[in-house]
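> okay, predicted coordinates and the sequence, questions at the end:
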Amino acid sequence: MINVEHLTKKFAGVTAVDDLSFTVSPGHVTGFLGPNGSGKSTTMRCMIGLDHAQGGTTTFGGVSYSKLTQPLHRVGTLLDAGNAHSGRSARNHLMWLAASTGISKSRVDTVLEQVGLSEVSRRRVGKYSLGMKQRLGIASVLLGDPEVLILDEPVNGLDPEGIRWIRELLRDLAKEGRTVLVSSHLLSEMALIAEELVVIGQGKLITQCTVGEFTARYAKQWVRVVSPQVQNLISLARAQGATTSEENDAINFYGVTAKVLGELGAQAGVVFHELSPQTGSLEDAFLDATASSVQYHGTQVEGMAR
Amino acid sequence: MLHLMKSEFIKLRTLRSTLTATIVLIIFPVAVTVLSAMFAKNPNETMVIKVLVNTGMVSLLLCGVLGVFAIAQEYSQGTIRITFAATPLRMKVFIAKALVISLWIVASVAVLEGVGLIGANYALHSRGFDFGVMYHATPGIDSAWQVLFAFGAVCILFALVGFALGALLRSSPGAIATLILVPLLVEGIVTGLLIAAFDIDISRKTPFTAAIRAVQVEPDAARWGLVGYFSLWCLVITVIAALLMKRRDA
């Protein structure tokens, strides 16, 4: 169990993390979401004491990170896959890390095997692809067989096979009763991995809930209708306060349920070819939830999309 | 602490840059000393030691560079975050690193001096000179052992200064530039300017100059006093580096 309470971090007067509180429970994967610059990485660094927070606490099973004896055995962290010396081999990278807390050489070989780097473990990290560096980072997380895992963007640079591998790995680790906190920009991936979400914007907590609750609360819901008499239905629905939009051969109805539309259609003798309730994706929900917290906006440049 | 020291030792021995710097710091003075013993026209009893410590100035700087590597590369490569995550007590990390780099330098300098002296002795004997390099005190000159021990001590101190500069600046190029420019240029310029402007001579108080004077065969002041003076400077900069390392975000 991770317990973050009133965490606050400022850089030269700019508040990166603002009185942030959340808990991460064992047994499932918790996604950590937020727009760029929202303070996710800073929060993770503060949680394990790499950055000094101006206020607040983080505990792992009731103990702060700095007071953990042999923290590698309790908390595994992957903050940046690039945090390995480019001139050192992957095996030697894990060897010094293992030696720092008395972990055996055989465990190094085990995790290298587990992440699929055994054959290239004596190659220098500088010659690794980003995906291979991610696997090495994950090997360092697994080295101490920790009960808590914190991973910042672990699927960055992984190929589809790698993404599927890490998805299954994280799920399996959570099923074993471990606490898993994962940040990612790949929301479609997060929808597949995470059961619970912690969403932040500009360093503040926006919400903590399950993925289902999040999409239900923040994602748009509408009813898609395909019908030869759809104009009749539009008039009836608008009288009920609904709004509509066109999408190819279908009409989307907002502010009205499928049940109401079905009954209105039946009374008016409307034939339905399709009447289906729709819910926006996790990405839609995320964009809606964090719309007011986005710091860095892109703009469309004319002609660039061609 | 032993686990940490083992970890730091693995870090040092598994980097090509560390090994290259170590090999050069040993081979350069050894090669020049042995060649001098082989070809000098009139070798005398202090010549071998003089050549060894004078060419050892390059080794001194390389010891400092090794000290820089021991910490600054961790910042530039991001591994410091993994190090601190594995060992949240940063002071322990700092001490373990300082101890390991010191032991590394002790071993390197022992090899440098041992191989240099044995090689030079062999060369001199093969030329028919019947004296060894282990001369004893003569008026105004310490025993050879004093020079060699002082050289070893100053090498360790240079490594620690490099280590402290690396921890302070968190950049290998910046720390190495400082380490080389201060003794070779900055101290001389500051001394010259102060003499020119205010007629104040600090040439006998500049720390790196004191360290270099301490390893001369015939020093112009008490050898161990000069070593102690440089140690004090080293201690101050190391303590500042340790405190900042503890306070700053990784």
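Everything's here; your move.
> ok, which stretches of chain B are strands?
Counting by DSSP state E, one finds no strands in chain B.
> so which residues of the chain form helices?
Reading this off chain A. Assignment of helices within chain A using DSSP state H yields the ranges A:40-47, A:71-74, A:90-100, A:105-115, A:130-142, A:160-175, A:187-193, A:211-218, A:230-239, A:258-268, A:282-289.
> the intended chain is chain B.
For chain B, the helices defined by DSSP H cover B:2-13, B:16-39, B:47-77, B:79-86, B:90-126, B:144-169, B:172-181, B:187-198, B:207-214, B:223-247.
> want to throw these into TSV with distance to chain A?
C-beta: built from backbone N, CA, C; applies to glycine. Formatted as TSV, the helices of chain B follow (distance: least, C-beta to the nearest C-beta, whole Å):
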stretch	distance to chain A
helix B:2-13	4
helix B:16-39	6
helix B:47-77	4
helix B:79-86	5
helix B:90-126	9
helix B:144-169	14
helix B:172-181	12
helix B:187-198	33
helix B:207-214	29
helix B:223-247	7
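> in JSON lines: those, plus mean pLDDT.
Formatted as JSON lines, the helices of chain B follow (pLDDT from 0 to 100):
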{"stretch": "helix B:2-13", "mean pLDDT": "93"}
{"stretch": "helix B:16-39", "mean pLDDT": "92"}
{"stretch": "helix B:47-77", "mean pLDDT": "91"}
{"stretch": "helix B:79-86", "mean pLDDT": "93"}
{"stretch": "helix B:90-126", "mean pLDDT": "92"}
{"stretch": "helix B:144-169", "mean pLDDT": "92"}
{"stretch": "helix B:172-181", "mean pLDDT": "91"}
{"stretch": "helix B:187-198", "mean pLDDT": "84"}
{"stretch": "helix B:207-214", "mean pLDDT": "87"}
{"stretch": "helix B:223-247", "mean pLDDT": "92"}
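> burial count for residue B:98?
For residue B:98, the neighbour count with other C-beta atoms under 10 Å in any protein chain shown is 23.
> repeat that for residue B:46.
By the criterion of other C-beta under 10 Å, residue B:46 has 16 neighbours.
> wait, it sits on residue B:216?
No. Using C-beta atoms under 8 Å, residue B:46 is not in contact with residue B:216, being 10.8 Å away.
> mind putting the helices of chain A into JSON lines with distance to chain B and mean pLDDT?
Below are the helices of chain A laid out as JSON lines (distance: least, C-beta to the nearest C-beta, whole Å; pLDDT from 0 to 100):
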{"stretch": "helix A:40-47", "distance to chain B": "7", "mean pLDDT": "93"}
{"stretch": "helix A:71-74", "distance to chain B": "5", "mean pLDDT": "92"}
{"stretch": "helix A:90-100", "distance to chain B": "4", "mean pLDDT": "94"}
{"stretch": "helix A:105-115", "distance to chain B": "11", "mean pLDDT": "93"}
{"stretch": "helix A:130-142", "distance to chain B": "7", "mean pLDDT": "91"}
{"stretch": "helix A:160-175", "distance to chain B": "18", "mean pLDDT": "89"}
{"stretch": "helix A:187-193", "distance to chain B": "23", "mean pLDDT": "80"}
{"stretch": "helix A:211-218", "distance to chain B": "29", "mean pLDDT": "79"}
{"stretch": "helix A:230-239", "distance to chain B": "56", "mean pLDDT": "86"}
{"stretch": "helix A:258-268", "distance to chain B": "51", "mean pLDDT": "89"}
{"stretch": "helix A:282-289", "distance to chain B": "28", "mean pLDDT": "77"}
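> make JSON lines out of those helices and add mean neighbour count and distance to residue B:240.
Output for the helices of chain A, formatted as JSON lines (neighbours: other C-beta atoms under 10 Å in any protein chain shown; distance: least, C-beta to C-beta, whole Å):
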{"stretch": "helix A:40-47", "mean neighbour count": "24", "distance to residue B:240": "24"}
{"stretch": "helix A:71-74", "mean neighbour count": "20", "distance to residue B:240": "27"}
{"stretch": "helix A:90-100", "mean neighbour count": "24", "distance to residue B:240": "25"}
{"stretch": "helix A:105-115", "mean neighbour count": "17", "distance to residue B:240": "36"}
{"stretch": "helix A:130-142", "mean neighbour count": "23", "distance to residue B:240": "31"}
{"stretch": "helix A:160-175", "mean neighbour count": "16", "distance to residue B:240": "43"}
{"stretch": "helix A:187-193", "mean neighbour count": "18", "distance to residue B:240": "44"}
{"stretch": "helix A:211-218", "mean neighbour count": "17", "distance to residue B:240": "49"}
{"stretch": "helix A:230-239", "mean neighbour count": "16", "distance to residue B:240": "73"}
{"stretch": "helix A:258-268", "mean neighbour count": "15", "distance to residue B:240": "70"}
{"stretch": "helix A:282-289", "mean neighbour count": "20", "distance to residue B:240": "46"}
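> quick one: which of those helices is nearest residue B:181?
For the helices of chain A, the distance to residue B:181 is smallest for helix A:90-100, at 31.7 Å, taking C-beta to C-beta.
> then the closest one to PDB, C-alphas only?
This file holds the C-alpha atoms of helix A:90-100, laid out as PDB (Å, rounded to 0.1, in the frame of the first residue of the first chain):
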ATOM      1  CA  ALA A  90      23.600  -4.400 -18.900                       C
ATOM      2  CA  ARG A  91      24.800  -7.300 -16.700                       C
ATOM      3  CA  ASN A  92      27.400  -5.100 -15.000                       C
ATOM      4  CA  HIS A  93      24.700  -2.400 -14.500                       C
ATOM      5  CA  LEU A  94      22.600  -4.900 -12.600                       C
ATOM      6  CA  MET A  95      25.600  -6.400 -10.800                       C
ATOM      7  CA  TRP A  96      26.500  -3.100  -9.100                       C
ATOM      8  CA  LEU A  97      22.800  -2.500  -8.200                       C
ATOM      9  CA  ALA A  98      22.500  -6.000  -6.800                       C
ATOM     10  CA  ALA A  99      25.800  -5.700  -4.900                       C
ATOM     11  CA  SER A 100      24.600  -2.500  -3.200                       C
END
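> quick one: which of the helices of chain B is nearest residue A:14?
Among the helices of chain B, the nearest to residue A:14 by C-beta to C-beta is helix B:223-247 (19.2 Å).
> other SSEs contacting the closest one?
The contact analysis (3 or more C-beta pairs under 8 Å, 6 or more residues apart in numbering or on different chains; DSSP states H and E) places helix B:223-247 against helix B:90-126, helix B:144-169, helix B:207-214.
> what's the most buried one of the ones you listed?
Stretch with highest mean neighbour count among these: helix B:144-169 (a mean of 24; mean count of other C-beta atoms under 10 Å in any protein chain shown).
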